[in-house]
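J.: kindly return the folded structure for what I paste below:
(2 chains)
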Amino acid sequence: MKGNLLLLLSLLCGIGLGAADATLGECIRHYALPTCLLALLVLQVGIGLGSNGDLGALLRSFRWQMLLLPVFTIVGTLSFTALAALLFRDWSVGDILAMGSGFGYYSLSSVMIADLKSATAGAEVATQLAAVALMANMVREVVALFGSSFFNGKGGRFAPISVAGINSMDVCLPTILRTTGDKGLLPLAVIHGIVLEISVPLLITLFC
Amino acid sequence: MFIILSLLLLGMGAGYALRGMRGVHRVEQSTRFTIMLLLFAFGVSIGSNRALVADIAQLGWRAMVIALLGVVGSTVAAGVFQRVWKNSGKKGGAA
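T.: Sure thing, here's the model as predicted:
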């Protein structure tokens, strides 16, 4: 819990500082800091797993059924996201599904929606939809990170992976392994992230 | 994707090679620290995006609804997957 509060505090400090000084955001982008940190994170996760000792058993645990989890994540996410069309009648079901198809991949999904929709619906609508997609997928990432043990309790040990979407293979991976207490979930979490990463551009193109 | 996968494999190889070294298990603490830094950088990019901050009040709740529906949907789907997983495990004779 204390660890989660520290994480939340870092996020809020970042938002506050970014809002106070916009040049800080440019600075971070200029040095590609998030990409470097992500690379460092994945490397550390790898070292942690490699030094664990039972690496062989982990790799031998691959099963073909693992490829089904991302399919379940896609079907579950999209069938529930479609319900938003009942609330937001000014948006089409396709637009709503496109926004839900990011699975936490906020950078790619928002850029793709902005690009694809500006050709058909005009720049203003496209920017609006892209902003909502960006926020919705950021919220998903944050919820997955902070609520991992909650989802583990509610939906079983696969739920934190499914909720994390594409982030199950990087940002959320250490949290998933810690909250479920099952290091054997590693291959499943990584495969889940990879399959979703491939599906994001395909689904968005389909719905836009 | 390939970069991430190769970094993960590289890390696993390095971790395996260094598994006897003292202090290598402290990597879990440094991992948490890296996530903190990553979230801080993520926060800065949200905060410094003026257009996004201006839109938050107007469109933020819609984004929240879409995100939460997706989260609920995937939690339900994960529950169903767990049943499929268990059943296939029984058939295959594995746990």
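J.: contacts and neighbour counts: CA atoms only from here.
T.: Fine.
J.: is the longest helix seen in chain B positioned near chain A?
T.: Criterion DSSP state H: the longest helix present in chain B is helix B:50-92. Yes. Legend: contact between helix B:50-92 and chain A by CA under 8 Å from any CA of the partner chain is shown at B:50, B:52, B:55, B:59-60, B:62-79, B:81-82, B:85.
J.: okay, and residue 39 sits in which element?
T.: By default, I'm working from chain A. When elements are assigned from DSSP states H and E, residue A:39 belongs to helix A:33-50.
J.: my question was about chain B
T.: Assessed by DSSP H and E, residue B:39 sits inside helix B:27-47.
J.: so how far is that helix off the chain centroid?
T.: Mean C-alpha position of helix B:27-47 versus that of the full chain (CA atoms, centre = their mean, to the nearest Å) differs by 12 Å.
J.: buried ones in that helix, by neighbour count?
T.: Neighbour-count burial for helix B:27-47, counted by 16 or more other CA atoms under 10 Å in any protein chain shown, picks out B:27-28, B:31-47.
J.: related to what we said a few turns ago, centre of the chain to the longest helix of chain B, how far?
T.: Centroid separation for helix B:50-92 versus its chain: 13 Å, with CA atoms, centre = their mean.
J.: so what does that helix touch, helix or strand wise?
T.: When contacts are defined as 3 or more CA pairs under 8 Å, 6 or more residues apart in numbering or on different chains; DSSP states H and E, helix B:50-92 packs onto helix A:68-81, helix A:84-87, helix A:93-100, helix A:123-146, helix A:148-155, helix A:159-164, helix B:27-47.
J.: just the pLDDT for residue B:93.
T.: According to the prediction, residue B:93 has pLDDT 41.
J.: related to what we said a few turns ago, out of the helices and strands packed on helix B:50-92, which comes closest to residue A:201?
T.: helix A:93-100 (9.7 Å; CA to CA).
J.: and that closest one, anywhere near chain B?
T.: Yes. Residues of helix A:93-100 are located near chain B by CA under 8 Å from any CA, namely A:96, A:99, A:100.
J.: related to what we said a few turns ago, the helix holding residue B:39 to helix B:50-92, inter-axis angle?
T.: Interaxial angle, helix B:27-47 versus helix B:50-92 (axes from the mean of the first three to the mean of the last three CA atoms, to 10 degrees): 140 degrees.
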